[in-house]
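1. pasting the structure only:
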(Lines give C-alpha, C1' and ligand atoms only; values in the text may rest on other atoms or scores of the structure.)
Protein backbone atom coordinates (compact mmCIF):
# COMPACT_ATOMS: atom_id res chain seq x y z
CA UNK A 1 0.00 0.00 0.00
CA UNK A 2 1.36 3.40 -0.93
CA UNK A 3 1.99 6.07 1.65
CA UNK A 4 -0.73 8.62 2.10
CA UNK A 5 0.18 12.21 2.91
CA UNK A 6 -2.37 14.81 3.99
CA UNK A 7 -1.67 18.50 3.74
CA UNK A 8 -4.97 19.81 5.07
CA UNK A 9 -4.61 21.73 8.28
CA UNK A 10 -3.44 19.59 11.19
CA UNK A 11 -5.12 16.36 10.15
CA UNK A 12 -2.93 13.88 8.32
CA UNK A 13 0.45 12.26 8.34
CA UNK A 14 2.74 9.95 6.49
CA UNK A 15 2.71 6.17 6.23
CA UNK A 16 -1.04 5.92 6.77
CA UNK A 17 -2.48 2.75 5.32
CA UNK A 18 -5.60 2.27 7.45
CA UNK A 19 -9.20 3.21 6.84
CA UNK A 20 -12.42 3.43 8.85
CA UNK A 21 -15.68 2.67 7.06
CA UNK A 22 -18.98 3.91 8.51
CA UNK A 23 -22.41 2.46 7.79
CA UNK A 24 -25.09 4.69 9.44
CA UNK A 25 -28.60 3.61 10.40
CA UNK A 26 -31.53 5.15 12.26
CA UNK A 27 -30.19 4.66 15.80
CA UNK A 28 -26.42 4.67 15.39
CA UNK A 29 -23.65 3.60 13.06
CA UNK A 30 -21.28 0.67 12.60
CA UNK A 31 -17.56 1.35 12.08
CA UNK A 32 -15.04 -1.05 10.56
CA UNK A 33 -11.29 -0.43 10.95
CA UNK A 34 -9.08 -1.98 8.25
CA UNK A 35 -5.36 -1.51 8.94
CA UNK A 36 -4.21 -3.40 5.85
CA UNK A 37 -5.85 -4.57 2.66
CA UNK A 38 -5.34 -8.18 3.72
CA UNK A 39 -5.97 -7.80 7.46
CA UNK A 40 -9.22 -8.67 9.18
CA UNK A 41 -11.54 -5.76 9.93
CA UNK A 42 -12.23 -4.58 13.49
CA UNK A 43 -15.87 -3.52 13.90
CA UNK A 44 -17.44 -1.33 16.56
CA UNK A 45 -20.89 0.19 16.98
CA UNK A 46 -21.61 3.67 18.31
CA UNK A 47 -24.77 5.55 19.15
CA UNK A 48 -25.71 8.94 17.68
CA UNK A 49 -26.03 10.41 21.19
CA UNK A 50 -23.58 13.04 22.35
CA UNK A 51 -21.74 10.46 24.44
CA UNK A 52 -21.55 8.02 21.53
CA UNK A 53 -20.20 10.66 19.15
CA UNK A 54 -17.54 11.68 21.68
CA UNK A 55 -16.41 8.06 22.06
CA UNK A 56 -16.33 7.71 18.28
CA UNK A 57 -14.08 10.77 17.86
CA UNK A 58 -11.71 9.58 20.59
CA UNK A 59 -11.47 6.17 18.91
CA UNK A 60 -10.75 7.72 15.50
CA UNK A 61 -8.02 10.01 16.84
CA UNK A 62 -6.46 7.15 18.81
CA UNK A 63 -5.93 5.22 15.54
CA UNK A 64 -3.71 7.95 14.13
CA UNK A 65 -4.74 9.55 10.85
CA UNK A 66 -6.82 6.91 9.05
CA UNK A 67 -8.98 7.43 5.98
CA UNK A 68 -12.57 8.03 7.13
CA UNK A 69 -15.27 6.99 4.66
CA UNK A 70 -19.05 7.23 5.06
CA UNK A 71 -21.64 5.40 3.02
CA UNK A 72 -24.06 7.98 1.69
CA UNK A 73 -24.30 11.71 2.40
CA UNK A 74 -26.71 13.87 4.40
CA UNK A 75 -29.72 11.89 5.66
CA UNK A 76 -28.78 9.51 8.48
CA UNK A 77 -25.08 10.42 8.28
CA UNK A 78 -25.57 14.08 9.19
CA UNK A 79 -24.80 13.66 12.94
CA UNK A 80 -21.44 12.02 12.11
CA UNK A 81 -20.65 14.62 9.46
CA UNK A 82 -21.32 17.45 11.89
CA UNK A 83 -19.16 15.86 14.61
CA UNK A 84 -16.29 15.19 12.19
CA UNK A 85 -16.35 18.75 10.83
CA UNK A 86 -16.30 20.26 14.31
CA UNK A 87 -13.38 18.01 15.28
CA UNK A 88 -11.43 18.90 12.12
CA UNK A 89 -11.38 15.33 10.82
CA UNK A 90 -11.35 14.93 7.05
CA UNK A 91 -13.86 12.41 5.71
CA UNK A 92 -15.07 11.10 2.36
CA UNK A 93 -18.57 10.16 1.21
CA UNK A 94 -19.32 7.34 -1.23
CA UNK A 95 -22.49 6.47 -3.07
CA UNK A 96 -24.22 3.38 -1.62
CA UNK A 97 -24.51 1.89 -5.12
CA UNK A 98 -20.70 2.02 -5.61
CA UNK A 99 -19.92 0.44 -2.24
CA UNK A 100 -22.58 -2.23 -2.84
CA UNK A 101 -20.97 -3.24 -6.13
CA UNK A 102 -17.56 -3.33 -4.46
CA UNK A 103 -18.91 -5.49 -1.62
CA UNK A 104 -20.42 -8.02 -4.03
CA UNK A 105 -17.17 -8.25 -5.99
CA UNK A 106 -14.78 -8.46 -3.02
CA UNK A 107 -16.61 -9.62 0.11
CA UNK A 108 -19.44 -11.67 -1.36
CA UNK A 109 -23.21 -11.44 -1.63
CA UNK A 110 -24.02 -11.66 2.10
CA UNK A 111 -25.08 -8.27 3.43
CA UNK A 112 -25.20 -6.84 6.93
CA UNK A 113 -24.07 -3.65 8.65
CA UNK A 114 -20.61 -4.99 9.49
CA UNK A 115 -19.94 -6.07 5.91
CA UNK A 116 -21.19 -2.76 4.57
CA UNK A 117 -18.85 -0.83 6.86
CA UNK A 118 -15.93 -3.08 5.90
CA UNK A 119 -16.67 -2.64 2.20
CA UNK A 120 -16.61 1.15 2.67
CA UNK A 121 -13.18 0.98 4.34
CA UNK A 122 -11.69 -1.34 1.71
CA UNK A 123 -13.23 0.70 -1.09
CA UNK A 124 -11.53 3.82 0.33
CA UNK A 125 -8.17 2.01 0.44
CA UNK A 126 -8.61 0.85 -3.15
CA UNK A 127 -9.38 4.39 -4.31
CA UNK A 128 -6.39 5.72 -2.40
CA UNK A 129 -4.09 3.21 -4.10
CA UNK A 130 -5.42 4.36 -7.49
CA UNK A 131 -5.09 8.05 -6.61
CA UNK A 132 -8.84 8.68 -7.00
CA UNK A 133 -9.83 9.28 -3.37
CA UNK A 134 -9.52 13.05 -3.39
CA UNK A 135 -12.62 13.60 -5.52
CA UNK A 136 -14.81 12.07 -2.79
CA UNK A 137 -13.56 14.38 -0.03
CA UNK A 138 -16.28 16.51 1.52
CA UNK A 139 -15.15 20.13 1.51
CA UNK A 140 -18.22 22.35 1.39
CA UNK A 141 -20.90 22.40 4.05
CA UNK A 142 -24.25 24.13 3.74
CA UNK A 143 -25.64 26.65 6.20
CA UNK A 144 -28.12 24.28 7.81
CA UNK A 145 -30.12 26.96 9.60
CA UNK A 146 -30.60 29.00 6.44
CA UNK A 147 -31.37 25.90 4.38
CA UNK A 148 -33.92 24.55 6.87
CA UNK A 149 -35.78 27.86 7.07
CA UNK A 150 -36.01 28.36 3.29
CA UNK A 151 -37.05 24.77 2.65
CA UNK A 152 -39.66 24.97 5.41
CA UNK A 153 -41.12 28.05 3.73
CA UNK A 154 -41.28 26.17 0.44
CA UNK A 155 -43.03 23.24 2.12
CA UNK A 156 -45.56 25.59 3.71
CA UNK A 157 -46.23 27.22 0.34
CA UNK A 158 -47.03 23.83 -1.20
CA UNK A 159 -49.27 22.88 1.71
CA UNK A 160 -51.01 26.25 1.57
CA UNK A 161 -51.76 25.86 -2.13
CA UNK A 162 -53.15 22.37 -1.59
CA UNK A 163 -55.35 23.47 1.32
CA UNK A 164 -56.72 26.45 -0.62
CA UNK A 165 -57.63 24.18 -3.54
CA UNK A 166 -59.43 21.78 -1.20
CA UNK A 167 -61.38 24.64 0.37
CA UNK A 168 -62.44 25.88 -3.08
CA UNK A 169 -63.80 22.42 -3.95
CA UNK A 170 -65.60 22.20 -0.61
CA UNK A 171 -67.26 25.61 -1.07
CA UNK A 172 -68.32 24.66 -4.59
CA UNK A 173 -70.05 21.59 -3.19
CA UNK A 174 -71.56 23.22 -0.10
CA UNK A 175 -72.61 26.61 -1.52
CA UNK A 176 -72.22 27.23 -5.29
CA UNK A 177 -73.42 30.84 -4.96
CA UNK A 178 -70.63 31.71 -2.52
CA UNK A 179 -68.13 29.88 -4.72
CA UNK A 180 -69.12 31.96 -7.77
CA UNK A 181 -69.04 35.16 -5.70
CA UNK A 182 -65.57 34.61 -4.28
CA UNK A 183 -64.14 33.15 -7.50
CA UNK A 184 -65.21 36.25 -9.43
CA UNK A 185 -67.34 34.30 -11.93
CA UNK A 186 -70.61 35.93 -10.91
CA UNK A 187 -71.60 38.61 -13.41
CA UNK A 188 -73.17 40.77 -10.72
CA UNK A 189 -70.02 40.92 -8.56
CA UNK A 190 -66.34 41.53 -9.10
CA UNK A 191 -63.84 39.67 -6.89
CA UNK A 192 -60.31 38.33 -7.30
CA UNK A 193 -59.52 34.64 -7.46
CA UNK A 194 -57.11 34.85 -4.47
CA UNK A 195 -59.77 36.11 -2.08
CA UNK A 196 -59.62 32.89 -0.05
CA UNK A 197 -56.21 33.96 1.24
CA UNK A 198 -57.76 37.18 2.53
CA UNK A 199 -57.54 37.44 6.31
CA UNK A 200 -61.09 38.79 6.62
CA UNK A 201 -62.71 35.96 4.62
CA UNK A 202 -60.73 33.35 6.56
CA UNK A 203 -61.81 34.87 9.90
CA UNK A 204 -65.44 34.90 8.72
CA UNK A 205 -65.29 31.23 7.67
CA UNK A 206 -63.74 30.28 11.02
CA UNK A 207 -66.21 32.14 13.24
CA UNK A 208 -69.32 31.55 11.09
CA UNK A 209 -68.71 28.20 9.38
CA UNK A 210 -72.46 27.62 8.83
CA UNK A 211 -73.01 29.61 5.65
CA UNK A 212 -76.80 29.68 6.18
CA UNK A 213 -76.34 32.01 9.20
CA UNK A 214 -74.80 34.73 7.04
CA UNK A 215 -78.24 35.92 5.84
CA UNK A 216 -79.18 37.16 9.35
CA UNK A 217 -75.90 38.97 9.99
CA UNK A 218 -75.92 42.76 9.89
CA UNK A 219 -73.11 44.79 8.39
CA UNK A 220 -71.53 45.49 11.79
CA UNK A 221 -71.80 41.82 12.82
CA UNK A 222 -70.16 40.66 9.61
CA UNK A 223 -67.42 43.27 9.94
CA UNK A 224 -66.73 42.14 13.51
CA UNK A 225 -66.65 38.48 12.40
CA UNK A 226 -64.08 39.43 9.74
CA UNK A 227 -61.72 40.76 12.41
CA UNK A 228 -62.86 44.36 12.59
CA UNK A 229 -61.16 47.28 10.95
CA UNK A 230 -62.33 49.39 8.07
CA UNK A 231 -59.85 48.40 5.40
CA UNK A 232 -59.97 49.44 1.76
CA UNK A 233 -62.55 47.36 -0.10
CA UNK A 234 -63.88 45.72 3.08
CA UNK A 235 -67.20 47.59 2.97
CA UNK A 236 -67.77 46.72 -0.69
CA UNK A 237 -67.03 43.04 -0.01
CA UNK A 238 -69.48 42.97 2.92
CA UNK A 239 -72.20 44.57 0.79
CA UNK A 240 -71.73 41.95 -1.93
CA UNK A 241 -71.80 39.11 0.64
CA UNK A 242 -75.02 40.43 2.19
CA UNK A 243 -76.65 40.72 -1.20
CA UNK A 244 -75.86 37.11 -2.08
CA UNK A 245 -76.37 35.61 1.42
CA UNK A 246 -80.12 35.37 0.95
CA UNK A 247 -79.61 32.39 -1.37
CA UNK A 248 -77.02 30.60 0.81
CA UNK A 249 -78.38 27.21 1.99
CA UNK A 250 -77.90 25.81 5.47
CA UNK A 251 -75.19 23.17 5.65
CA UNK A 252 -74.65 20.23 7.98
CA UNK A 253 -72.52 20.41 11.11
CA UNK A 254 -69.91 18.06 9.62
CA UNK A 255 -69.34 20.17 6.50
CA UNK A 256 -69.27 23.35 8.62
CA UNK A 257 -66.59 21.78 10.85
CA UNK A 258 -64.43 20.87 7.86
CA UNK A 259 -64.79 24.36 6.35
CA UNK A 260 -63.82 26.02 9.62
CA UNK A 261 -60.82 23.75 10.16
CA UNK A 262 -59.63 24.26 6.58
CA UNK A 263 -59.82 28.05 6.91
CA UNK A 264 -58.00 27.86 10.24
CA UNK A 265 -55.29 25.72 8.67
CA UNK A 266 -54.76 28.27 5.87
CA UNK A 267 -54.53 31.02 8.44
CA UNK A 268 -51.95 29.06 10.44
CA UNK A 269 -49.81 28.44 7.34
CA UNK A 270 -49.79 32.14 6.47
CA UNK A 271 -48.84 33.09 10.03
CA UNK A 272 -45.93 30.61 10.07
CA UNK A 273 -44.69 31.97 6.76
CA UNK A 274 -44.60 35.49 8.19
CA UNK A 275 -42.60 34.23 11.18
CA UNK A 276 -40.10 32.52 8.88
CA UNK A 277 -39.57 35.70 6.86
CA UNK A 278 -38.94 37.69 10.05
CA UNK A 279 -36.45 35.06 11.23
CA UNK A 280 -34.64 35.16 7.87
CA UNK A 281 -34.42 38.95 8.07
CA UNK A 282 -32.72 38.71 11.47
CA UNK A 283 -30.35 35.90 10.46
CA UNK A 284 -29.14 37.49 7.22
CA UNK A 285 -28.41 40.98 8.51
CA UNK A 286 -24.68 40.21 8.62
CA UNK A 287 -24.62 37.78 5.70
CA UNK A 288 -22.71 39.64 2.99
CA UNK A 289 -23.78 37.31 0.19
CA UNK A 290 -27.50 37.69 0.99
CA UNK A 291 -27.18 41.46 1.35
CA UNK A 292 -25.34 41.62 -1.98
CA UNK A 293 -28.24 39.88 -3.74
CA UNK A 294 -30.84 41.98 -1.91
CA UNK A 295 -29.25 45.15 -3.28
CA UNK A 296 -30.73 44.27 -6.68
CA UNK A 297 -34.32 45.37 -7.23
CA UNK A 298 -36.74 42.45 -7.44
CA UNK A 299 -34.81 40.16 -5.06
CA UNK A 300 -35.98 40.20 -1.45
CA UNK A 301 -34.85 38.33 1.65
CA UNK A 302 -36.58 35.03 0.92
CA UNK A 303 -35.29 34.67 -2.66
CA UNK A 304 -31.76 35.79 -1.76
CA UNK A 305 -31.56 33.45 1.24
CA UNK A 306 -32.86 30.55 -0.84
CA UNK A 307 -30.21 31.14 -3.52
CA UNK A 308 -27.36 31.26 -1.00
CA UNK A 309 -28.66 28.22 0.87
CA UNK A 310 -28.79 26.10 -2.30
CA UNK A 311 -25.57 27.41 -3.89
CA UNK A 312 -23.74 26.74 -0.57
CA UNK A 313 -20.46 28.28 -1.82
CA UNK A 314 -19.77 29.95 -5.15
CA UNK A 315 -16.26 28.41 -5.18
CA UNK A 316 -17.87 25.05 -5.94
CA UNK A 317 -18.39 26.23 -9.53
CA UNK A 318 -15.45 26.87 -11.82
CA UNK A 319 -17.44 29.11 -14.17
CA UNK A 320 -20.95 30.46 -14.61
CA UNK A 321 -21.89 27.68 -17.07
CA UNK A 322 -21.45 25.16 -14.25
CA UNK A 323 -23.81 27.14 -12.02
CA UNK A 324 -26.33 27.41 -14.86
CA UNK A 325 -26.32 23.64 -15.42
CA UNK A 326 -26.61 23.00 -11.68
CA UNK A 327 -29.69 25.25 -11.56
CA UNK A 328 -31.28 23.68 -14.67
CA UNK A 329 -30.89 26.75 -16.87
CA UNK A 330 -27.95 25.57 -18.96
CA UNK A 331 -27.57 23.32 -21.98
CA UNK A 332 -25.38 20.28 -22.44
CA UNK A 333 -23.97 18.72 -25.59
CA UNK A 334 -25.70 15.56 -26.82
CA UNK A 335 -24.14 13.49 -29.60
CA UNK A 336 -25.79 10.62 -31.44
CA UNK A 337 -24.06 9.25 -34.49
CA UNK A 338 -22.87 12.18 -36.56
CA UNK A 339 -25.44 14.58 -35.08
CA UNK A 340 -24.48 16.93 -32.26
CA UNK A 341 -27.04 19.13 -30.55
CA UNK A 342 -27.53 21.08 -27.34
CA UNK A 343 -30.23 19.74 -25.01
CA UNK A 344 -31.45 20.91 -21.57
CA UNK A 345 -29.97 19.32 -18.47
CA UNK A 346 -32.14 16.76 -16.69
CA UNK A 347 -30.37 16.52 -13.33
CA UNK A 348 -30.38 19.84 -11.51
CA UNK A 349 -31.38 21.57 -8.28
CA UNK A 350 -35.10 22.28 -8.61
CA UNK A 351 -35.16 24.66 -5.64
CA UNK A 352 -32.39 26.78 -7.11
CA UNK A 353 -34.14 26.91 -10.48
CA UNK A 354 -37.36 28.09 -8.82
CA UNK A 355 -35.40 30.81 -7.03
CA UNK A 356 -33.79 32.06 -10.26
CA UNK A 357 -37.11 32.00 -12.12
CA UNK A 358 -38.83 33.92 -9.32
CA UNK A 359 -36.01 36.47 -9.28
CA UNK A 360 -36.20 36.84 -13.08
CA UNK A 361 -39.96 37.54 -12.98
CA UNK A 362 -39.55 40.07 -10.17
CA UNK A 363 -36.66 41.85 -11.90
CA UNK A 364 -38.77 42.24 -15.06
CA UNK A 365 -41.72 43.58 -13.03
CA UNK A 366 -39.99 45.86 -10.52
CA UNK A 367 -36.75 46.87 -12.26
CA UNK A 368 -38.10 48.05 -15.60
CA UNK A 369 -35.06 50.21 -16.40
CA UNK A 370 -32.55 47.36 -16.09
CA UNK A 371 -30.95 45.68 -19.09
CA UNK A 372 -32.58 42.37 -18.07
CA UNK A 373 -36.06 43.88 -18.32
CA UNK A 374 -35.20 45.34 -21.72
CA UNK A 375 -33.85 41.96 -22.80
CA UNK A 376 -37.19 40.37 -21.82
CA UNK A 377 -39.22 42.96 -23.74
CA UNK A 378 -37.12 42.47 -26.85
CA UNK A 379 -37.57 38.69 -26.70
CA UNK A 380 -41.35 38.97 -26.32
CA UNK A 381 -41.52 41.55 -29.10
CA UNK A 382 -39.63 39.13 -31.37
CA UNK A 383 -42.39 36.54 -30.86
CA UNK A 384 -41.00 34.40 -28.02
CA UNK A 385 -43.37 32.99 -25.42
CA UNK A 386 -43.28 34.78 -22.02
CA UNK A 387 -42.20 31.63 -20.15
CA UNK A 388 -39.28 30.98 -22.50
CA UNK A 389 -38.31 34.66 -22.34
CA UNK A 390 -38.32 34.44 -18.52
CA UNK A 391 -35.97 31.43 -18.74
CA UNK A 392 -33.60 33.45 -20.91
CA UNK A 393 -33.65 36.28 -18.37
CA UNK A 394 -33.02 33.79 -15.54
CA UNK A 395 -30.02 32.41 -17.47
CA UNK A 396 -28.64 35.94 -17.86
CA UNK A 397 -29.28 36.54 -14.15
CA UNK A 398 -27.15 33.48 -13.33
CA UNK A 399 -24.21 35.15 -15.08
CA UNK A 400 -24.70 38.40 -13.16
CA UNK A 401 -25.06 36.72 -9.77
CA UNK A 402 -22.04 34.48 -10.39
CA UNK A 403 -19.86 37.52 -11.06
CA UNK A 404 -21.14 39.39 -8.01
CA UNK A 405 -20.64 36.46 -5.60
CA UNK A 406 -17.21 35.63 -7.07
CA UNK A 407 -16.07 39.24 -6.64
CA UNK A 408 -17.39 39.25 -3.07
CA UNK A 409 -15.56 36.02 -2.30
CA UNK A 410 -12.27 37.36 -3.73
CA UNK A 411 -12.53 40.53 -1.65
CA UNK A 412 -13.14 38.48 1.50
CA UNK A 413 -10.15 36.25 0.71
CA UNK A 414 -7.93 39.29 0.15
CA UNK A 415 -9.05 40.85 3.43
CA UNK A 416 -8.31 37.62 5.29
CA UNK A 417 -4.91 37.38 3.61
CA UNK A 418 -3.99 40.93 4.65
CA UNK A 419 -5.10 40.33 8.23
CA UNK A 420 -2.98 37.21 8.53
CA UNK A 421 0.02 38.92 6.99
CA UNK A 422 -0.29 41.65 9.61
CA UNK A 423 -0.11 38.91 12.23
CA UNK A 424 3.17 37.67 10.71
CA UNK A 425 1.84 34.66 8.80
CA UNK A 426 2.93 33.75 5.28
CA UNK A 427 1.07 32.61 2.22
CA UNK A 428 1.13 28.94 3.25
CA UNK A 429 -0.78 29.80 6.42
CA UNK A 430 -3.56 31.06 4.19
CA UNK A 431 -3.62 27.82 2.23
CA UNK A 432 -2.26 29.49 -0.92
CA UNK A 433 -0.22 27.11 -3.04
CA UNK A 434 0.63 27.34 -6.72
CA UNK A 435 -0.89 24.85 -9.11
CA UNK A 436 -4.35 23.35 -9.17
CA UNK A 437 -3.14 19.84 -8.38
CA UNK A 438 -1.18 20.95 -5.36
CA UNK A 439 -3.96 23.12 -3.94
CA UNK A 440 -5.48 21.45 -0.90
CA UNK A 441 -7.27 24.43 0.58
CA UNK A 442 -10.78 25.79 0.29
CA UNK A 443 -9.36 29.24 -0.56
CA UNK A 444 -8.64 29.58 -4.24
CA UNK A 445 -5.03 30.73 -4.82
CA UNK A 446 -4.33 34.06 -6.46
CA UNK A 447 -1.48 33.90 -8.92
CA UNK A 448 1.41 36.21 -8.03
CA UNK A 449 2.17 37.82 -11.37
CA UNK A 450 5.43 39.56 -12.16
CA UNK A 451 5.48 42.04 -14.99
CA UNK A 452 8.43 41.04 -17.17
CA UNK A 453 7.41 43.13 -20.17
CA UNK A 454 9.47 46.16 -21.18
CA UNK A 455 8.20 49.50 -22.30
CA UNK A 456 6.97 49.82 -25.86
CA UNK A 457 9.35 52.70 -26.58
CA UNK A 458 12.40 50.67 -25.57
CA UNK A 459 11.41 47.73 -27.73
CA UNK A 460 10.79 49.94 -30.76
CA UNK A 461 14.15 51.64 -30.34
CA UNK A 462 15.88 48.26 -30.17
CA UNK A 463 14.18 47.10 -33.36
CA UNK A 464 15.03 50.33 -35.21
CA UNK A 465 18.70 50.13 -34.25
CA UNK A 466 18.91 46.49 -35.37
CA UNK A 467 17.44 47.37 -38.77
CA UNK A 468 19.96 50.19 -39.18
CA UNK A 469 22.90 47.93 -38.41
CA UNK A 470 21.68 45.15 -40.72
CA UNK A 471 20.98 47.43 -43.68
CA UNK A 472 17.18 47.14 -43.42
CA UNK A 473 17.04 43.91 -45.40
CA UNK A 474 13.67 42.18 -45.11
CA UNK A 475 13.17 38.61 -44.17
CA UNK A 476 11.41 36.73 -46.96
CA UNK A 477 9.65 34.09 -44.80
CA UNK A 478 5.93 34.72 -44.37
CA UNK A 479 4.96 35.79 -40.90
CA UNK A 480 8.16 37.75 -40.08
CA UNK A 481 8.60 41.33 -41.23
CA UNK A 482 12.25 42.06 -40.43
CA UNK A 483 15.14 39.83 -39.49
CA UNK A 484 18.88 40.48 -39.59
CA UNK A 485 21.00 38.52 -41.99
CA UNK A 486 24.19 38.45 -39.98
CA UNK A 487 24.08 37.11 -36.45
CA UNK A 488 27.41 38.65 -35.53
CA UNK A 489 26.03 42.11 -36.18
CA UNK A 490 23.11 41.38 -33.88
CA UNK A 491 25.53 40.33 -31.15
CA UNK A 492 27.39 43.65 -31.45
CA UNK A 493 24.17 45.64 -31.24
CA UNK A 494 23.00 43.88 -28.09
CA UNK A 495 26.47 43.99 -26.60
CA UNK A 496 26.35 47.78 -26.79
CA UNK A 497 22.83 48.06 -25.37
CA UNK A 498 23.05 45.32 -22.72
CA UNK A 499 26.62 45.42 -21.42
CA UNK A 500 25.48 45.03 -17.82
CA UNK A 501 22.78 42.36 -18.34
CA UNK A 502 23.58 39.32 -20.47
CA UNK A 503 21.03 37.79 -22.80
CA UNK A 504 18.65 35.33 -21.20
CA UNK A 505 18.83 33.10 -24.27
CA UNK A 506 21.80 32.72 -26.66
CA UNK A 507 21.37 34.08 -30.16
CA UNK A 508 21.31 31.41 -32.82
CA UNK A 509 24.08 31.95 -35.37
CA UNK A 510 22.86 32.58 -38.90
CA UNK A 511 25.21 31.98 -41.77
CA UNK A 512 25.66 34.39 -44.64
CA UNK A 513 23.53 33.85 -47.66
CA UNK A 514 19.79 33.42 -48.21
CA UNK A 515 17.76 32.72 -45.07
CA UNK A 516 16.88 29.13 -44.28
CA UNK A 517 13.28 28.10 -43.53
CA UNK A 518 12.17 28.63 -39.90
CA UNK A 519 15.40 30.47 -39.02
CA UNK A 520 14.11 32.57 -36.11
CA UNK A 521 16.38 34.58 -33.82
CA UNK A 522 15.66 34.37 -30.09
CA UNK A 523 16.59 37.16 -27.72
CA UNK A 524 15.25 38.87 -24.69
CA UNK A 525 13.16 41.42 -26.60
CA UNK A 526 11.98 38.94 -29.30
CA UNK A 527 13.17 41.10 -32.20
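-> Everything's here; your move. All of these numbers come straight from a predicted model, not from anything done at the bench.

2. next, residue 300: phi, psi?
-> For residue 300, the backbone dihedrals (degrees, to the nearest 10) come out as phi -100, psi -170.

3. now swap in residue 264 and tell me
-> The phi/psi pair for residue 264 (degrees, to the nearest 10) reads phi -70, psi -40.

4. okay, it: pLDDT?
-> With respect to pLDDT, residue 264 has a value of 94.

5. other residues contacting stretch 105-120?
-> Applying C-beta atoms under 8 Å, 6 or more residues apart in numbering, the contact partners of stretch 105-120 are 21-23, 25, 30-32, 34, 41, 43, 45, 69-71, 94, 99-100, 102-103, 122. No exception for glycine: its C-beta is placed from N, CA and C like everyone else's.

6. PyMOL command to pick out the buried ones of those residues?
-> The buried residues among the contacts of stretch 105-120 can be selected in PyMOL (16 or more other C-beta atoms under 10 Å) with this line:
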select buried, resi 21+22+23+30+31+32+34+41+43+45+69+70+71+94+99+100+102+103+122
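
7. so which of the contacts of stretch 105-120 are in helices?
-> If you go by DSSP state H, those have 99, 100, 102, 103, 122 in helices.

8. dump the residues you listed into a markdown table; add distance to residue 215 as well.
-> Converted to a markdown table, the ones in helices among the contacts of stretch 105-120 look like this (distance: C-beta to C-beta, whole Å):
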| residue | distance to residue 215 |
| --- | --- |
| 99 | 69 |
| 100 | 67 |
| 102 | 73 |
| 103 | 72 |
| 122 | 77 |
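
9. can you redo these as JSON lines with pLDDT?
-> What follows is these, written out as JSON lines (pLDDT from 0 to 100):
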{"residue": "99", "pLDDT": "92"}
{"residue": "100", "pLDDT": "91"}
{"residue": "102", "pLDDT": "92"}
{"residue": "103", "pLDDT": "91"}
{"residue": "122", "pLDDT": "93"}
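
10. from residue 92, how far off is the nearest residue to residue 95 once chain neighbours are set aside?
-> Here the nearest residue to residue 95 in space, its sequence neighbours aside, is residue 72; by C-beta to C-beta, 6 or more residues apart in numbering that works out to 7.5 Å. Computed as C-beta to C-beta, to the nearest Å, the residue 72 to residue 92 distance reads 12 Å.

11. so between these two, which is more surrounded?
-> More crowded of residue 72 and residue 92, by other C-beta atoms under 10 Å: residue 92, with 21 against 16.

12. and the more buried one, bridged to which residues?
-> For residue 92, the beta-bridge partners under DSSP bridges are residue 69, residue 137.

13. so it sits right up against residue 124, yeah?
-> Yes - here residue 92 reaches residue 124: they are 6.3 Å apart, a contact under C-beta atoms under 8 Å.

14. got any residues that touch both of those two?
-> Shared contacts of residue 92 and residue 124, defined by C-beta under 8 Å, 6+ apart, comprise 67, 69, 133.

15. switch those over to CSV; also include distance to residue 409 and pLDDT.
-> Converted to CSV, the shared contacts of residue 92 and residue 124 look like this (distance: C-beta to C-beta, whole Å; pLDDT from 0 to 100):
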residue, distance to residue 409, pLDDT
67, 30, 93
69, 29, 95
133, 27, 92
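
16. now the residues you listed as JSON lines including distance to residue 163?
-> Output for the shared contacts of residue 92 and residue 124, formatted as JSON lines (distance: C-beta to C-beta, whole Å):
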{"residue": "67", "distance to residue 163": "49"}
{"residue": "69", "distance to residue 163": "44"}
{"residue": "133", "distance to residue 163": "48"}
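
17. the longest helix along the chain packs against which elements?
-> Secondary structure of the chain read by DSSP H shows that its longest helix is helix 386-422. Helix 386-422 is packed against helix 288-294, helix 320-326, helix 350-366, helix 371-381, with contacts defined by 3 or more C-beta pairs under 8 Å, 6 or more residues apart in numbering; DSSP states H and E.

18. try 10 Å
-> If contacts are counted by 3 or more C-beta pairs under 10 Å, 6 or more residues apart in numbering; DSSP states H and E, helix 386-422 sits against helix 288-294, helix 301-311, helix 320-326, helix 350-366, helix 371-381.

19. centre of the chain to that helix, how far?
-> Offset of helix 386-422 from its chain centre (C-alpha atoms, centre = their mean, to the nearest Å): 11 Å.

20. which parts of it are buried?
-> Neighbour counts over helix 386-422 (16+ other C-beta under 10 Å) mark 389-398, 401-402, 404-406, 408-409, 413, 417 as buried.

21. over to stretch 289-298?
-> For stretch 289-298, the buried set under the neighbour-count rule, 16+ other C-beta under 10 Å, comprises 289, 290, 292, 293, 294, 296, 298.

22. how close does the second one get to residue 357?
-> Read that as residue 290. For residue 290, the distance to residue 357 - C-beta to C-beta - is 19 Å.

23. all helices of the stretch 1-150 of the chain, in order?
-> Counting by DSSP state H, counting those that start in this stretch, the stretch 1-150 of the chain has helices at residues 50-62, 78-87, 96-106, 113-130, 144-174.

24. any chance of those helices in JSON lines, plus distance to residue 266?
-> Shown next, in JSON lines, are these (distance: least, C-beta to C-beta, whole Å):
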{"stretch": "helix 50-62", "distance to residue 266": "40"}
{"stretch": "helix 78-87", "distance to residue 266": "32"}
{"stretch": "helix 96-106", "distance to residue 266": "40"}
{"stretch": "helix 113-130", "distance to residue 266": "45"}
{"stretch": "helix 144-174", "distance to residue 266": "5"}
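
25. and among those, the most buried is which?
-> helix 113-130 (a mean of 22; mean count of other C-beta atoms under 10 Å).

26. could you check the angle it makes with helix 96-106?
-> Angle, helix 113-130 to helix 96-106, by axes from the mean of the first three to the mean of the last three C-alpha atoms, to 10 degrees: 90 degrees.

27. can you start the count at 58 instead of 1 from here on
-> Shifting the count to begin at 58 puts that one at helix 170-187.

28. just give the nearest non-adjacent residue to the residue nearest the centre of the chain, would you?
-> Centroid check for the chain by C-alpha atoms, centre = their mean gives residue 368 as the closest residue, at 1.6 Å. Excluding the flanking residues, the one nearest residue 368 by C-beta to C-beta, 6+ apart is residue 409, at 6.9 Å.

29. distance of the nearest residue to residue 198 once chain neighbours are set aside relative to residue 118?
-> Among residues not flanking residue 198 along the chain, residue 142 sits closest, at 6.1 Å (C-beta to C-beta, 6+ apart). Going from residue 142 to residue 118 by C-beta to C-beta gives 15 Å.

30. go on, residue 469?
-> Noted for residue 469: a distance of 31 Å to residue 118, by C-beta to C-beta.

31. also residue 102?
-> Plainly put, residue 102 is 18 Å away from residue 118 if you go by C-beta to C-beta.

32. how does the protein divide into domains?
-> Under the assignment automatic domain parsing, the domains of the chain span 76-193, 203-338, 346-474, 515-584.

33. what is the end-to-end distance of the longest one?
-> This points to domain 203-338. End-to-end distance for domain 203-338: 11 Å, by C-alpha to C-alpha, to the nearest Å.

34. please apply the same query to the third one.
-> Between the opening and closing residues of domain 346-474 we find a distance of 19 Å, counting by C-alpha to C-alpha.

35. for it, what does the pLDDT average out to?
-> Averaged over domain 346-474, pLDDT sits at 91.

36. ok so, going back, list just the nearest of the shared contacts of residue 149 and residue 181 to residue 316.
-> residue 126 (54.7 Å; C-beta to C-beta).
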